[in-house]
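J.: Sharing a model prediction with you, sequence too.
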Amino acid sequence: MRIILLGPPGSGKGTQAQLLVQRYGIVQLSTGEMLRAAVAAGTPVGLKAKEIMASGGLVPDEVVVGIISDRIDQPDAKNGFILDGFPRTVPQAEALDDLLRHKHLRLDAVIELRVNESALLNRVETRVAQMLERGEEVRVDDTPEVLTKRLASYRSQTEPLIHYYSERRKLSTIDGMMAIDEVTRAIHRQLLALGAVEPKTHGKTLARSAAKATSAKTGTKKAKAAKKAKKAAKKPTKTAKKAAKSAKSTKKAKKAKKAKKAAKKTAKKAVKKPAKKAVKKGSKKSPKKVTKKRAKR
């Protein structure tokens, strides 16, 4: 995703750029920072810019474009970038278009934050007054006078870019006077409408994270299902074992009961038999019968 933020000083471009960087995992490219980095790194373009700056001259557009070219080739810019402070003029915009075309890249969106200049001046005046009341030091570039000059420069040099990008159907205009979070949501809606970001995600990084999470969730479900099936397969075996054990116990109990019954019966017979014999023997030698025999004699 490659974006340009347009808007006068104080429109909130810097704040929104940082929020976009965090949300979509892209980088913010500031021409000032890129120039300093190129000079410090001693790149061919950086050395050329160093000579020009040392002589007090303005760095020409072709040098700035060369620095941007080197910067967007770096790995951290592959997911996309936000250009901050470039282009400022129509010739710079044309040079940027040529650069992107040469690299087979396209500009996804140009977001204009439209604000009320009078309201901006009132904000600065109020902020300066509050800082002075608190005894704080006011920055020399943060006064109504400086802002008035910067707004005039924006109108003459940068405002023509609105028409330039509008003709190429790249421009989206958002009310920059809304609250910060409302502006952020409006930018996201515009990027969705332009197809610069995937729907229902906050960028490619989050989309990949969501895909991984879904995959992990599906894997967990499958693992649970397999475990359940395994448990179900084992269940009949356990039941069968239990039934067999129960049957065995019942068989043993019946056998024991039968043995007990048999023993009881045997014992009963053993007690009954001697009693009968005793009765028989006693009847043979009965005194009554002896008396009868003697009487007969």
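T.: Yep, that arrived.

J.: just checking, L105 touches M1?
T.: No: with contact defined as Cβ atoms under 8 Å, L105 does not reach M1; the gap is 10.8 Å. In this view, the C-beta of every residue, glycine as well, is placed from N, C-alpha and C.

J.: between those two, who's got more neighbours?
T.: Applying other Cβ atoms under 10 Å to L105 and M1 shows that M1 carries more neighbours, namely 19 against 13.

J.: Now the residue nearest to the more buried one when sequence neighbours are not counted, what are its backbone angles?
T.: Of all residues not flanking M1 in the chain, G80 sits nearest, at 3.6 Å (Cβ to Cβ, 6 or more residues apart in numbering). Torsion angles at G80 (phi, psi; degrees, to the nearest 10) stand at phi 140, psi 180.

J.: And the one 3 residues further on, by the same measure?
T.: Phi and psi for L83, reported as degrees, to the nearest 10, are phi -90, psi 120.

J.: wait, it sits on I4?
T.: Yes: the criterion here is Cβ under 8 Å, and L83 meets it with I4 at 5.0 Å.

J.: before we move on, the earlier item: for E33, see how far away the residue nearest to M1 is.
T.: The gap separating G80 from E33 is 17 Å, by Cβ to Cβ, to the nearest Å.

J.: Give me the more crowded residue out of these two.
T.: Between G80 and E33, G80 has the larger neighbour count (other Cβ under 10 Å), namely 21 against 13.

J.: where in this structure is pLDDT low?
T.: Where the chain drops to pLDDT under 70, the residues are 200-256, 263-264, 266-297.

J.: so where do the helices sit in it?
T.: In the chain, the segments counted as helices under DSSP state H are 13-24, 31-41, 44-54, 61-72, 90-102, 117-133, 144-153, 160-167, 180-194, 204-284, 287-296.

J.: For the fifth one, which outside residues touch it?
T.: Read that as helix 90-102. Outside helix 90-102, the residues within contact range by Cβ atoms under 8 Å, 6 or more residues apart in numbering are 2, 61-62, 64-65, 68-69, 83, 86-87, 106-107, 160-161, 164-165.

J.: P8 against L120, yeah?
T.: Yes: in this structure, P8 is within contact of L120 by Cβ under 8 Å, at 7.1 Å.

J.: Overlap in contacts, these two.
T.: With Cβ under 8 Å, 6+ apart, P8 and L120 have common neighbours L151.

J.: What residues of stretch 181-201 count as buried?
T.: 183-184, 186-188, 190-191, 194, 196-197, 201 (16 or more other Cβ atoms under 10 Å).

J.: can you list contacts of that stretch?
T.: Residues from elsewhere that reach stretch 181-201 (Cβ under 8 Å, 6+ apart): 1, 3, 12, 16, 19-20, 23-24, 108-109, 111, 113, 172, 174-176, 178, 203-204, 207, 210.

J.: Could you pick out the buried ones from those residues?
T.: 1, 3, 12, 16, 19-20, 23-24, 108-109, 111, 113, 172, 174, 176, 203-204.

J.: For D175, name its beta-bridge partners.
T.: Beta-bridge partners for D175, by DSSP bridges, are R114.

J.: ok, now which ones touch it?
T.: By Cβ under 8 Å, 6+ apart, the contact list for D175 reads 114, 183, 186.
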